[in-house]
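Chemist: generate a structure from the sequence data that follows.
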Amino acid sequence: MAKTEETGDHPAEIADAEPGAEDDAQYVLNVYQRMEIAQEAFPYVFKPVVDGVRWRPVLHDDVSRLARAALLKAGIYALPTVVDHGWRPDRTSTNRKGDTVITANAWVVVQMDYINRDDPADRFSVTMVGEGGDAADKGMGKAISYACKFCHLKAFGVETGEDAESELNNFEAEPADTEAPEPEAPKEDPDERQELFEQLKETMGLFDLDPAYVRNEMGRRTGGRRQEVVDIQKVINSIEEDAGSWRDPDKQGK
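Modeler: The predicted structure is shown next:
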């Protein structure tokens, strides 16, 4: 019969040894058995709803919070290490005032080690690549956060409600059309869109802006339509140039 040994706040399950071993021989759950416990404790990631925007990003802070709770319960420590990094060529864009904005783009390779708390030599690792762009000095930090987030998502096998392969699996032939097809709008990169929403969230926090007011103002300025990547980048640039124009006038001076 399995026994339970309490160590701190995290119960570590102890199983009886195989037949033929000494009566008092017992072993602690290995890191993979503990990871199964952590996976059961990791819930579905709910993505925040942004008014007027169909895309809902999976945020780094949400994933980290849920992963931490699950890992603590299972007695696993997650240790991230940047094993490689570098910079892409700078990206140049123009804000609504006509000023040139230069965005620095960083990339990193992060190795996340999942370590058995009771036997540090017992571990496994997941490696992911992350990229982040920023007009200030936060590009490298965003890249690291992005890579760490996906290490957790893939290690836990978490559902996010996205089907990255849906387009590749759609081989059904389209019916013939005698009229010339309308040109398709260029498809956006979902990773870039997610990066920009996370960058927008950080920018709002940096300037102490009300997220609800900023979302409503974004919708007003774009006529209620879905914000494209270029719209989100313009909002970020606008806040960095003139944060005062994005403050709720009803709350100013209070």
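
Chemist: contacts and neighbour counts: CA atoms only from here.
Modeler: Noted.

Chemist: show me what contacts Glu240?
Modeler: By CA atoms under 8 Å, 6 or more residues apart in numbering, the contact list for Glu240 reads Thr203.

Chemist: remind me which residues of this protein are low pLDDT?
Modeler: Along the chain, segments meeting pLDDT under 70 span 1-27, 45-57, 160-189, 223-225, 251-254.

Chemist: can you map out the helices along this structure?
Modeler: Taking DSSP state H as the test, the helices found in the chain are 31-41, 60-74, 139-156, 190-206, 211-221, 229-241.

Chemist: please name the residues that touch the closest residue to Leu200 other than its chain neighbours.
Modeler: Distance criterion CA to CA, 6 or more residues apart in numbering; nearest residue to Leu200, sequence neighbours excluded, is Ile236 at 5.9 Å. For Ile236, the contact set (CA under 8 Å, 6+ apart) comprises Gln199, Leu200, Thr203.

Chemist: need the contact list for the first one.
Modeler: If I follow you right, that is Gln199. Residues in contact with Gln199 (CA under 8 Å, 6+ apart) are Asp134, Lys142, Ile236.

Chemist: equivalent analysis for Leu66, please.
Modeler: Residues in contact with Leu66 (CA under 8 Å, 6+ apart) are Phe42, Pro43.

Chemist: so which of the helices of the chain is the most packed in?
Modeler: Stretch with highest mean neighbour count among the helices of the chain: helix 139-156 (a mean of 22; mean count of other CA atoms under 10 Å).

Chemist: contacts for it, please.
Modeler: By CA under 8 Å, 6+ apart, the surrounding residues in contact with helix 139-156 are 35, 38-39, 42, 60, 63-64, 67, 80, 82, 104-112, 126-133, 199.

Chemist: circling back: same list (the contacts of Ile236) but as TSV, adding distance to Cys151.
Modeler: Output for the contacts of Ile236, formatted as TSV (distance: CA to CA, whole Å):
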residue	distance to Cys151
Gln199	20
Leu200	23
Thr203	25
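
Chemist: nearest to Arg226 among the residues you listed?
Modeler: Set against Arg226, the nearest of those by CA to CA is Leu200 (15.8 Å).

Chemist: and the closest one, what does it touch?
Modeler: Ile232, Val235, Ile236.

Chemist: and what of Pro89?
Modeler: Contacts for Pro89 were tallied using CA under 8 Å, 6+ apart; they are Ala104, Asn105.

Chemist: distance check, Asn116 against Arg65.
Modeler: Distance, Asn116 to Arg65, using CA to CA, to the nearest Å: 19 Å.

Chemist: distance of the closest residue to Pro211 other than its chain neighbours from His152?
Modeler: Of all residues not flanking Pro211 in the chain, Met204 sits nearest, at 6.8 Å (CA to CA, 6+ apart). As judged by CA to CA, Met204 and His152 stand 26 Å apart.

Chemist: what do you get for Gly133?
Modeler: From Gly133 across to His152, the span is 21 Å (CA to CA).

Chemist: what's the closest of the helices of the chain to Trp87?
Modeler: Across the helices of the chain, closest to Trp87 is helix 139-156 (CA to CA), at 8.6 Å.
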